[in-house]
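K.L.:
Sequence first, predicted model second:
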Amino acid sequence: MDNKELIKFALKAMEHSYAPYSNFKVGAAVLCKNKKIYTGCNIENSSYGVTICAERTALFKAISEGERDFDKIAIVSSSEDFTFPCGICRQAIFEFMPEGIVVLFSKAEGIKEFSVVSLLPNGFFLS
């Protein structure tokens, strides 16, 4: 699947965002090696610690369905600029796809790819 198509899945997922506090809507779509796609949006809560990012929502949905092999994750937001994953999401992504690709979209600049390792060069695993 090409990046444009994966971005479309992330944009559709963003429509389901629940962001009444920040008004910052985010959507994500993770592509598994078996070509299945799982999507997620950010879900805020008045108890801010309960909030979950779109990236982890998509990734955890896939993991909860038994997926473990991922190629890439696309991330979009209502800001219309590139929206990079936060630190927690970078570590979560690193845990499950350290050799994967993060695909970002900006309305002005289009699509860019980043390796997971370039976004978190010192990610870690517990052994």
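P.N.:
Right, received. Where do you want to start? Nothing here was measured: the structure is a model prediction, and the numbers come from that model.
K.L.:
Which parts of this protein are helices?
P.N.:
Assigned by DSSP state H, the chain shows helices spanning 3-14, 54-64, 87-96, 116-119.
K.L.:
which residues does the residue nearest the centre of the chain contact?
P.N.:
By C-alpha atoms, centre = their mean, the chain has its centre lying nearest to E55, at 2.9 Å. Taking C-beta atoms under 8 Å, 6 or more residues apart in numbering, we find E55 in contact with V26, A28, G40, I73, I75, P85, C89, A92, I93. All C-beta atoms are positioned from the backbone trio N, CA, C, and that covers glycine.
K.L.:
so who does the residue lying closest to F114 once chain neighbours are set aside touch?
P.N.:
Spatially, and ignoring its direct neighbours in sequence, F114 is nearest to V102 (4.7 Å; C-beta to C-beta, 6 or more residues apart in numbering). By C-beta under 8 Å, 6+ apart, the residues touching V102 are K72, I73, I75, F84, P85, I93, E113, F114, S115, V116, L119.
K.L.:
Buried subset of those, written for PyMOL?
P.N.:
Buried residues within these, by 16 or more other C-beta atoms under 10 Å, are selected in PyMOL with:
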select buried, resi 72+73+75+85+93+116+119
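K.L.:
is it true that F24 touches V76?
P.N.:
No. The criterion here is C-beta atoms under 8 Å, and F24 misses it with V76 at 11.7 Å.
K.L.:
residues contacting L104?
P.N.:
Residues in contact with L104 (C-beta under 8 Å, 6+ apart) are A74, I75, V76, F82, T83, F84, I111, K112, E113, F114.
K.L.:
Mind checking which of these are in strands?
P.N.:
A74, I75, V76, I111, K112, E113, F114 (DSSP state E).
K.L.:
Quick check, M97 in contact with I73.
P.N.:
Yes. Contact criterion C-beta under 8 Å: M97 and I73 qualify, at 7.3 Å.
K.L.:
give me the low-pLDDT residue ranges for this protein?
P.N.:
Along the chain, the parts satisfying pLDDT under 70 run over 127.
K.L.:
Centre of the chain to stretch 36-53, how far?
P.N.:
Put simply, stretch 36-53 sits 11 Å off its chain's centre (C-alpha atoms, centre = their mean, to the nearest Å).
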